[in-house]
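1. the following block contains a protein sequence and its predicted model.
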Amino acid sequence: MTRISISTNAQTIMSILNSGETKDYEKVRASAGLTEKEMGAAIGWLLRENSIDMEEDAINNQCKIRLHCIPYGVYY
C-alpha cells in the first residue's frame, strides 16, 4: 500500500458515509471492496484527520463508524 492508495480508500469510505448515518464497519468494508488491511489503514487515516467517529457495540460485538460533524462556526 502507498500513501496515495490509502488516501483513495479513505475517500471511498467518506463517500459511503456521506449520508450521515452510522454504519456497520463490515458493511462499509464490503461496500468499499477493501481488504481488512486496506480498511484498517484508511480508517486510521480518517481517525487521525478527525473525519470520523467510531463506537463499539459490545452487546452485538460490532463496530460502527460515522462522519465526525463539527458544528458550524466552531474551530479547534
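-> Sure, I can see it.

2. pLDDT below threshold where in the protein?
-> Within the chain, the stretches with pLDDT under 70 are 69-76.

3. mind listing the helices for it?
-> Secondary structure of the chain (DSSP state H): helices at 3-17, 25-32, 36-48.

4. of these, which approaches residue 64 most closely?
-> Closest to residue 64 of the helices of the chain is helix 25-32 (Cβ to Cβ; 6.8 Å). C-beta here means a position set from N, CA and C on the backbone, and glycine is covered the same way.

5. that closest one packs against which elements?
-> helix 3-17, helix 36-48, strand 62-67 (3 or more Cβ pairs under 8 Å, 6 or more residues apart in numbering; DSSP states H and E).

6. show me which residues of it are buried.
-> Buried residues in helix 25-32, counted by 16 or more other Cβ atoms under 10 Å: 28-29, 32.

7. what sits against the closest residue to residue 26 other than its chain neighbours?
-> Of all residues not flanking residue 26 in the chain, residue 62 sits nearest, at 7.6 Å (Cβ to Cβ, 6 or more residues apart in numbering). By Cβ atoms under 8 Å, 6 or more residues apart in numbering, the residues touching residue 62 are 24-26, 56.

8. tell me the one among these nearest to residue 42.
-> Distances from residue 42 to these, taken by Cβ to Cβ, are shortest for residue 25, at 11.4 Å.

9. and residue 17, how many residues sit next to it?
-> 20 (other Cβ atoms under 10 Å).
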